[in-house]
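A.B. asks: Using only what follows, build the 3D model:
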Amino acid sequence: PELAFYSDRTLTDVSPTPTSISSHDETAIIQMINEQETAEKSYDSSSFGKIEQNLDNIIQPSRNDRFALCRSHITQLGLMMFENRQNIDLLNTSKTNCDQLLRELKNLDTLNCRETHKIAVIYIGYGQEDKTSIFNNTQGSPNYEEFLRHLGWQVELSKHTGFRGGLHPLANTYSIYYANALVEIMFHVATMIDGSTDEDRLKKKTRHIGNDEVQIIWTEHYHEYDRSIIASAFGDVLIVIHPLPNGLYRIKIDKTSQVNIQ
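C.D. replies: Predicted coordinates for the structure are as follows:
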């Protein structure tokens with residue numbers, strides 16, 4: 001009964017056919033809508049200058065204002081909320097571990113917002129069995145060059161504004177770079193690291209590649225790769241890629257005992 005619209009009829013009764021509005025009522029409704037539209041347009045045109053906000057008097061805080069910057073930082077941390085104000089403690093600079101914290105705070109703006117990695121890429125040609133001959137390579141086979149193009153983008157270091165992985169931004173020098181929203185990777189490609197002389201080039205390749213914990217070895221030698229050829233205190237993970245005559249690839253992951261890879 002509480003769902004019935006009319007008290008004199010039950011829910012099972014057929015409702016009467018609704019009567020349409022007359023032409024006189026329709027004309028009156030249209031006239032009311034037009035009059036309302038005219039009134040609103042008239043109000044907007046006459047009041048626009050009065051309700052316009054004057055933004056010239058608003059003073060924006062200077063970015064060099066230390067108080068404004070500190071207050072903004074504390075607000076973003078949620079410490080300006082009323083219920084959290086009682087939880088703020090002053091930094092005790094007398095503690096021994098405070099010096100490291102102060103150094104990290106000073107270098108906070110120089111830290112990368114994304115995780116960064118350096119990965120070495122080494123090309124070994126047929127019959128090359130020593131570090132000097134391997135590092136003297138300035139290019140590889142077509143399959144190796146195509147592999148580099150799939151690792152990331154070739155960037156000119158002098159114009160690259162992202163993570164460089166310690167590579168010097170010399171003019172007309174390039175490397176392979178990859179990035180997404182969370183990570184940046186600079187590949188230390190042995191065939192692309194340049195120097196002013198042959199000796200300088202060898203030193204740079206040894207320094208950069210020798211400090212990389214992950215190394216990709218593209219070898220076209222008929223022997224298995226021996227990690228003692230490029231001895232390093234790092235190089236915890238070696239990804240050895242060996243192209244086969246049938247077009248497939250044999251991939252081996254060689255890791256030290258300290259690395260746990262499932």
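A.B. asks: mind checking the SS state of residue 116?
C.D. replies: Three-state assignment for residue 116 (DSSP: H, G, I helix; E, B strand; the rest coil): strand.
A.B. asks: and it, what are its bridge partners?
C.D. replies: Assessed by DSSP bridges, residue 116 has beta-bridge partners residue 184.
A.B. asks: Can you tell me how far it is from residue 216?
C.D. replies: Separation of residue 116 from residue 216 (CB to CB, to the nearest Å) stands at 17 Å. Placement of C-beta: from N, CA and C, glycine included.
A.B. asks: can you check residue 36 too?
C.D. replies: Here residue 36 is placed at a distance of 73 Å from residue 216 (CB to CB).
A.B. asks: Ok, residue 210 next?
C.D. replies: Going from residue 210 to residue 216 by CB to CB gives 15 Å.
A.B. asks: Which residue of these two possesses the greater neighbour count?
C.D. replies: Ranked by neighbour count (other CB atoms under 10 Å), residue 210 and residue 216 place residue 216 first, with 21 against 17.
A.B. asks: That one against residue 237, yeah?
C.D. replies: No. Applying CB atoms under 8 Å, one finds residue 216 not in contact with residue 237, separated by 9.5 Å.
A.B. asks: give the contact list for residue 135.
C.D. replies: Neighbour list for residue 135: 190, 201-202, 205-206 [criterion: CB atoms under 8 Å, 6 or more residues apart in numbering].
A.B. asks: Give the helix, strand or coil label for residue 74.
C.D. replies: Once three-state DSSP is applied, residue 74 turns out helix.
A.B. asks: Determine the number of other residues adjacent to it.
C.D. replies: Neighbourhood size, residue 74 [other CB under 10 Å]: 14.
A.B. asks: Please apply the same query to residue 256.
C.D. replies: Neighbours around residue 256, by other CB under 10 Å: 12.
A.B. asks: I'd like the distance between residue 248 and residue 223.
C.D. replies: According to CB to CB, residue 248 and residue 223 sit 19 Å apart.
A.B. asks: can I get the CA coordinates of whichever strand or helix holds residue 177 in PDB?
C.D. replies: Here residue 177, judged by DSSP states H and E, is contained in strand 174-179. Extracted C-alpha coordinates of strand 174-179, given in PDB (Å, rounded to 0.1, in the frame of the first residue of the first chain):
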ATOM      1  CA  TYR A 174      77.000   8.400 -27.800                       C
ATOM      2  CA  SER A 175      75.700   5.600 -25.600                       C
ATOM      3  CA  ILE A 176      72.600   3.500 -25.100                       C
ATOM      4  CA  TYR A 177      70.000   4.800 -22.500                       C
ATOM      5  CA  TYR A 178      66.700   3.400 -21.300                       C
ATOM      6  CA  ALA A 179      64.200   4.900 -18.900                       C
END
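A.B. asks: Centre of the chain to it, how far?
C.D. replies: Strand 174-179 sits 14 Å away from the centroid of its parent chain (CA atoms, centre = their mean, to the nearest Å).
A.B. asks: repeat for stretch 243-255
C.D. replies: Stretch 243-255 sits 31 Å away from the centroid of its parent chain (CA atoms, centre = their mean).
A.B. asks: buried sites along that stretch?
C.D. replies: Going by neighbour count (16 or more other CB atoms under 10 Å), the buried part of stretch 243-255 is 243, 254.
A.B. asks: Could you work out the end-to-end span of it for me?
C.D. replies: 20 Å (CA to CA, to the nearest Å).
A.B. asks: And the strands in the stretch 51-200 of the chain?
C.D. replies: Here the stretch 51-200 of the chain has its strands, by DSSP state E, counting those that start in this stretch, at 115-124, 153-156, 174-179, 183-189.
A.B. asks: ok, and for the third one, which residues are buried?
C.D. replies: Read it as strand 174-179. Buried residues in strand 174-179, counted by 16+ other CB under 10 Å: 174-178.
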